[in-house]
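S.K.: Okay, structure incoming, though there's no sequence with it:
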């Protein structure tokens, strides 16, 4: 099923997304965020094809919030969760950093996950209990021992709810350098592969973390939230904060610093 899933994600990228890259129709959603023809076409293609792999409903980012909630509540035994294009602003502006993301979730936990950047042709994927991979190579690609002051951190400052934490992240943060590249799904993959060392995000949507958190965990990463140590606990499924690190010691120190500075 995992092989079929990453083949499908590649197919949708090549048929529905890339032909529209740099030449795409744009509109706005009710919340003011941007929406493209490619988002809608990719989501429709997934809805048509995913039941051929596992016959269950699909929850997509471009559905209404009411429909998303209904799907989550009534399909605990099996649900596809799709972000047809994560990094839509990058896609619209011609920045080659965006991805298609698809996860199969059962009982609140992802079981299969695929994230694909069609520009770089990098396909990250995992099955629960089976490890994580990038184009057939086991993740992480590198796991260099670092001190916290040497770490590369993925940080989405604007989503941090605590003014104290966001201020100290800019002025007193203990890491070496910071990255914010506009695609949460690829942030997870960069963590899993060892390109990032640590990460914090104030509130990701379900489709941002569904596949990515699985890939990261299967690569051996550690994760929590700003509110608690168990990432998967709590009722706030549709918006969940993240604290993560690939190496145990680095994660422990990073988590401690954030807890002390919230």
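M.R.: Arrived safely, thanks for sending. Keep in mind it's a predicted model, so treat the numbers as computed, not measured.

S.K.: Name all residues that make contact with residue 124.
M.R.: 114-116, 132-134, 139, 189, 192-193, 215 (CB atoms under 8 Å, 6 or more residues apart in numbering). Yep, even glycine has a C-beta here, placed from its N, CA and C like the rest.

S.K.: Apply 10 Å and report the result again.
M.R.: Residue 124 makes contacts with 6, 99, 101, 113-117, 132-135, 139, 185-186, 188-190, 192-193, 211-212, 215-216, 219, as judged by CB atoms under 10 Å, 6 or more residues apart in numbering.

S.K.: Residue 23 sits in which helix or strand?
M.R.: Residue 23 belongs to no helix or strand when assigned by DSSP states H and E.

S.K.: Likewise for residue 9?
M.R.: With DSSP H and E as the test, residue 9 turns up in helix 2-12.

S.K.: any idea of the mean pLDDT for that helix?
M.R.: Mean pLDDT, computed over helix 2-12, is 96.

S.K.: likewise stretch 98-115?
M.R.: On average, stretch 98-115 scores 97.

S.K.: can you check stretch 55-71 too?
M.R.: 95.

S.K.: Give me the residue at the spatial middle of this structure.
M.R.: residue 185 (2.5 Å; CA atoms, centre = their mean).

S.K.: Please tell me how far the closest residue to residue 98 other than its chain neighbours sits from residue 36.
M.R.: Leaving aside its sequence neighbours, residue 98 sits nearest to residue 87 (CB to CB, 6 or more residues apart in numbering; 3.3 Å). In this view, residue 87 and residue 36 are 11 Å apart by CB to CB, to the nearest Å.

S.K.: In terms of neighbours, single out the busier of these two.
M.R.: residue 87 (24 against 21; other CB atoms under 10 Å).

S.K.: Hmm, that one is touching residue 185, no?
M.R.: Yes - under the criterion of CB atoms under 10 Å, residue 87 makes contact with residue 185 at 7.7 Å.

S.K.: what residues do these two have in common as contacts?
M.R.: Listed as contacting both residue 87 and residue 185 by CB under 10 Å, 6+ apart are 98-101, 117.

S.K.: returning to what we had before: okay, and which of the contacts of residue 124 map to strands?
M.R.: Cross-referencing the contacts of residue 124 against strands under DSSP state E gives 99, 101, 113-117, 132-134.

S.K.: would you list every one of the strands in the stretch 51-200 of the chain?
M.R.: 58-60, 79-86, 99-106, 109-117, 122-127, 132-134, 137-138, 152-156, 177-179, 198-204 (DSSP state E, counting those that start in this stretch).

S.K.: Could you export those strands as a markdown table, including distance to residue 51?
M.R.: As requested, the strands of the stretch 51-200 of the chain are exported to a markdown table (distance: least, CB to CB, whole Å):
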| stretch | distance to residue 51 |
| --- | --- |
| strand 58-60 | 8 |
| strand 79-86 | 8 |
| strand 99-106 | 11 |
| strand 109-117 | 14 |
| strand 122-127 | 19 |
| strand 132-134 | 25 |
| strand 137-138 | 30 |
| strand 152-156 | 33 |
| strand 177-179 | 37 |
| strand 198-204 | 26 |
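
S.K.: The ones you listed: which one's closest to residue 41?
M.R.: strand 79-86 (7.9 Å; CB to CB).

S.K.: Direction included, what does the closest one pair up with?
M.R.: strand 58-60 (parallel), strand 99-106 (antiparallel) (DSSP bridges).

S.K.: what's the angle from the last one to strand 109-117?
M.R.: Put plainly, it is strand 99-106. Using axes from the mean of the first three to the mean of the last three CA atoms, to 10 degrees, the inter-axis angle of strand 99-106 relative to strand 109-117 is 170 degrees.

S.K.: now the angle from strand 99-106 to strand 122-127?
M.R.: On the basis of the same axes, to 10 degrees, strand 99-106 is oriented at 10 degrees to strand 122-127.

S.K.: now strand 99-106: how far from the chain's centre is it?
M.R.: Computed by CA atoms, centre = their mean, to the nearest Å, the chain-centroid distance of strand 99-106 equals 9 Å.
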